[in-house]
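Asker: sequence and predicted structure, then a few things I'm wondering about:
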Amino acid sequence: MDNKELIRKVLQYWNFQDIDILGQLHETSPRLIFKITADDTLYILKGIPDEKPESTIIGNITVHKYLGNKKGIAPCIFPAKSGEFYIREGGFWFFLMEYIEGEPLENTCEAEYMLGQFVRQLHSCKDYSYPTGLTEGKSRFYDWFADKVFKPEYDAVLDAIPDFLLYDRCLIHTDIGPHNTMVNARGKLLFIDLDDAGIGSRYLDAGSSLILRFVEHDKDMNMWYRFDFAEAYLKGYYGEEVISHAEYDLLWHGATYMFISYMQCYGPDAVDSLWKILQFGLKQKEKLWEMIVCK
């Protein structure tokens, strides 16, 4: 059975009469993500490989019901005719959600400010309890890069990262950025790609952009830092609140953790370049702090 046949079989669980498969999104992803129209309405059907534990799909469903159906700041999710919000078929967990008509948030200072405000709004949600799918402990990272000359420095960076379970717990997204923030046709912001969203440390979420997104580089690995984006984002997140240096340190620990978590994602040939980016990013920490406190 090919993917389109599988999708048509899956959609029978929702009792649609008229179905058109418009295309597959992110085709290189292990997940199946299809844009469809059914009974004259656009949807996204998402399938997660069922080698993932059922708790993963339950987390996806729970956060979509909360942020989408209840709060209106993420795609809504729709039950199958059985009343269940997900089904298992063809080696995947599937769920059906709203298709958002709109555009990703732009890469501008104004957009970063809006994103900071939106992330703070997310972190202010108080009546959610399902845990994030993100592993928050750092112990797994110590086994990485044993053959690299930078291993002692890398381990020292890990040693400095705190136990995030001891700090502020709230609803987090885990992959913050304009790429995962849509502006719908009415100009409203919505979060998408909630794969690991759930209760976790806000410092992992709030700090993640400081290295992952604000260090930019060209093909020759000449690097520069988007201080303007970083300042705008933090201003949006904190407003008029004064950021203490202890708070600022925790943001950068979160940034470091989140960057390291991606260092194996692009294959072994990318690791040395990623280490250089991490080093460069960390060197901008005090420069950014001076800009913030001098405002």
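Answerer: Cool, the structure landed.
Asker: not counting its neighbours along the chain, what's nearest Ile57?
Answerer: The spatially closest residue to Ile57, leaving aside those adjacent along the chain, is Trp93, at 3.9 Å (Cβ to Cβ, 6 or more residues apart in numbering). Every C-beta, even on glycine, is put in place using the N, C-alpha and C of the backbone.
Asker: wait, that neighbour sits on Lys52?
Answerer: Yes - in this structure, Trp93 is within contact of Lys52 by Cβ atoms under 8 Å, at 7.1 Å.
Asker: which of the two has more residues huddled nearby?
Answerer: Set side by side, Trp93 and Lys52 show unequal neighbour counts under other Cβ atoms under 10 Å, the larger going to Trp93 at 23 against 17.
Asker: other residues contacting the strand or helix carrying that one?
Answerer: The secondary structure element spanning Trp93 is strand 92-98 (assigned by DSSP states H and E). If you take Cβ atoms under 8 Å, 6 or more residues apart in numbering as the criterion, strand 92-98 is touched by 6, 10-11, 13-14, 32, 43-50, 52, 54, 56-57, 60-61, 64, 68, 75-78, 80, 85-88.
Asker: stretch 36-48 now?
Answerer: Judged by Cβ under 8 Å, 6+ apart, the contacts made with stretch 36-48 from elsewhere in the structure are 7, 10-11, 14, 16-22, 25, 31-35, 56-57, 60, 75, 78, 90, 92-99, 101, 195.
Asker: returning to what we had before: report pLDDT for the residue nearest to Ile57.
Answerer: Note for Trp93: predicted pLDDT of 97.
Asker: tell me where the stretch 151-295 of the chain has strands.
Answerer: In chain order, the stretch 151-295 of the chain shows strands spanning 169-172, 181-184, 189-191, 198-201, 215-217, 223-225, with DSSP state E, counting those that start in this stretch as the criterion.
Asker: which strands or helices does the first one pack on?
Answerer: What that stands for is strand 169-172. Judged by 3 or more Cβ pairs under 8 Å, 6 or more residues apart in numbering; DSSP states H and E, strand 169-172 is in contact with helix 109-123, strand 198-201, helix 202-207.
Asker: so which of these gets nearest Phe141?
Answerer: Ranking these by their distance to Phe141 (criterion: Cβ to Cβ) puts helix 202-207 first, at 13.6 Å.
Asker: gap between the closest one and the chain center?
Answerer: Going by Cα atoms, centre = their mean, to the nearest Å, the spacing between the C-alpha centre of helix 202-207 and its chain's C-alpha centre is 11 Å.
Asker: dump the C-alpha coordinates for that helix into CSV.
Answerer: The C-alpha atoms that make up helix 202-207 are tabulated as CSV, following Å, rounded to 0.1, in the frame of the first residue of the first chain:
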residue,chain,number,x,y,z
ARG,A,202,10.5,27.6,30.4
TYR,A,203,14.3,28.3,30.2
LEU,A,204,14.6,25.7,27.5
ASP,A,205,11.9,27.3,25.5
ALA,A,206,12.6,31.0,26.2
GLY,A,207,16.3,30.6,25.7
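Asker: now do that helix, average pLDDT.
Answerer: Along helix 202-207, the predicted local confidence has a mean pLDDT of 97.
Asker: need the contact partners of that helix.
Answerer: The list of residues contacting helix 202-207 from outside it, by Cβ under 8 Å, 6+ apart, reads 119, 122-123, 134, 136, 164, 167-170, 172-174, 176, 237, 250-255, 257-258.
Asker: please produce a ChimeraX select command covering the buried subset of these.
Answerer: Only the buried entries of the contacts of helix 202-207 go into this ChimeraX selection, using 16 or more other Cβ atoms under 10 Å:
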select :119,122,123,134,136,164,167,169,170,172,173,174,176,237,250,251,252,253,254,255,257,258
